[in-house]
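Asks: attaching a predicted model along with its sequence, questions to come.
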Amino acid sequence: MQNKKKLLFVNDEMTMGGVARILNTLLKMIDKDKYDIDLLVLHKRGELLSEIPDGVRVLAGTSFFDTVDLPLSSCKGTDLIHKLRLLFYMKTGLIRSRIKAERKKILDHTYDVEFSAKEGFCTIFTAYGDSKRKLNWIQVDYEQSNYSRHHMALVTEALTKIDMNIACSETVKASYQKLFKTDRICVIHNPINEERIRDLAARENPYPNNTEKIKLITVARFHPQKGLDRLIDAFTEVSEDYDLTIIGDGELNEQLHAQAKQKGVDERIHWLGLQENPYPMIKDSDLFIMSSLYEGYPTITIETLLSETPILTTAVAGVGEQILLPETGWIVENSTEGMVSKLKELSKNRDLLKQYKNKLKNYHYENDRILKQLEDLF
């Protein structure tokens, strides 16, 4: 029997968010009869640790990495000291030798393939290891948000040791290639657990809504990137036709509520907070709206289509490869005005929304092709 290849995936944490969820989906899809899989979580925390699939050995980083995923502004006390130490190693370049030393404490063998699941520090960690083949996953449009801007020289050097960079969309590839001048880069869309999403969407909706208005919904972190302040402004202008549900939470919670109160629409928005299963609410809605300022290849769009609900989204990276006009939704100018204009237009054509929902019953996502593309790189 042929020996199984040894794979190592590296992520900084497993908190609720796109990268961790996409990673868990991929880990579940990979054939455990062909591969031995380890997942190293440098700072072992996060709600999605519990969703790591069976058959994956989970490793934790040493205490040196305890602040790798924490912004400096949020660090206090001991965390602040540890974060400043980490930044010192990054700024001086000593991180190269420190990573090599820390890896010896964590890893007990050499891997055939090492996969950095998040660009940035995980890229550097993978680059200075001894795995035979090194891959780097890119989930961010770097033209819009350069998470490596404080360590450009270090990341640029690390990329010379990476065998292949995997961008989640054509826009993400172009922006990363332009910034880092690398030719070792390809595009592979993110995998989505279609069976899981359809099953979750088919469950009973705990928040039934019998409004006669058009049911508009969004699911997002309350983070500046997601543009929820623009969504509230847009809803204010069309609220006579629409009923809005917002699922999520985050750092901008108080600010967004205050804005909605100032606009006079706070009590007309259904704020449902974090929901473990938002898909029945999405499925029962007429239209999903994504108001992001920037993305890479947003998974919520595909999950929404699998929940049989059309989408209205701002023009961000990845959506042009997801929203196949005119059957699945609409892409508008990346502005409040763009959303308002389309919402007003759709309010006059409710039958079109029903037609799109009906077409989405036949929607299918090509996970098999995506997995084959990834395995060809292993």
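Replies: Received the coordinates, thanks.

Asks: quick check: pLDDT value at the nearest residue to Cys122 once chain neighbours are set aside.
Replies: What sits nearest to Cys122 in space, not counting adjacent residues and going by Cβ to Cβ, 6 or more residues apart in numbering, is Ser116, at 4.2 Å. All C-beta spots, glycine's among them, are computed from the backbone N, C-alpha and C. Looking at Ser116, its pLDDT reads 98.

Asks: helices of the stretch 251-378 of the chain, residue ranges please.
Replies: 253-263, 279-283, 299-306, 336-347, 350-359, 367-375 (DSSP state H, counting those that start in this stretch).

Asks: what comes up buried for the third one?
Replies: To tie it back to what came earlier, the one meant is helix 299-306. Neighbour-count burial for helix 299-306 flags 299-306 (criterion: 16 or more other Cβ atoms under 10 Å).

Asks: would CSV of those with distance to Gln322 and pLDDT be doable?
Replies: Formatted as CSV, the buried residues of helix 299-306 follow (distance: Cβ to Cβ, whole Å; pLDDT from 0 to 100):
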residue, distance to Gln322, pLDDT
Thr299, 10, 91
Ile300, 10, 94
Thr301, 5, 96
Ile302, 6, 95
Glu303, 11, 96
Thr304, 10, 97
Leu305, 8, 97
Leu306, 11, 97
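
Asks: out of those residues, the closest to Phe9 would be?
Replies: Thr299 (17.3 Å; Cβ to Cβ).

Asks: quick revisit: between the buried residues of helix 299-306, which sits nearest Gln225?
Replies: So of those, ranked by how close each gets to Gln225 (Cβ to Cβ), first place is Ile300, at 12.7 Å.

Asks: what mean pLDDT does stretch 206-226 have?
Replies: 95.

Asks: starting at the chain centroid, how far to that stretch?
Replies: 19 Å (Cα atoms, centre = their mean, to the nearest Å).

Asks: just the buried residues of it, please?
Replies: Going by 16+ other Cβ under 10 Å, stretch 206-226 has these buried residues: 213-222, 226.

Asks: end to end, how far does that stretch reach?
Replies: 25 Å (Cα to Cα, to the nearest Å).

Asks: dump the helices of the stretch 251-378 of the chain to a markdown table, plus distance to Phe180.
Replies: Listed next are these as a markdown table, based on distance: least, Cβ to Cβ, whole Å:
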| stretch | distance to Phe180 |
| --- | --- |
| helix 253-263 | 34 |
| helix 279-283 | 36 |
| helix 299-306 | 24 |
| helix 336-347 | 31 |
| helix 350-359 | 39 |
| helix 367-375 | 21 |
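
Asks: which one of these lies closest to Asp12?
Replies: Of the helices of the stretch 251-378 of the chain, the one closest to Asp12 (Cβ to Cβ) turns out to be helix 299-306, at 18.3 Å.

Asks: please save the CA atoms from that closest one in CSV.
Replies: The C-alpha trace of helix 299-306 is given here as CSV (Å, rounded to 0.1, in the frame of the first residue of the first chain):
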residue,chain,number,x,y,z
THR,A,299,-18.2,32.6,1.2
ILE,A,300,-21.5,34.1,2.4
THR,A,301,-22.5,34.8,-1.2
ILE,A,302,-22.2,31.2,-2.2
GLU,A,303,-23.9,30.0,1.1
THR,A,304,-26.8,32.4,0.3
LEU,A,305,-27.2,31.0,-3.2
LEU,A,306,-27.2,27.5,-1.7
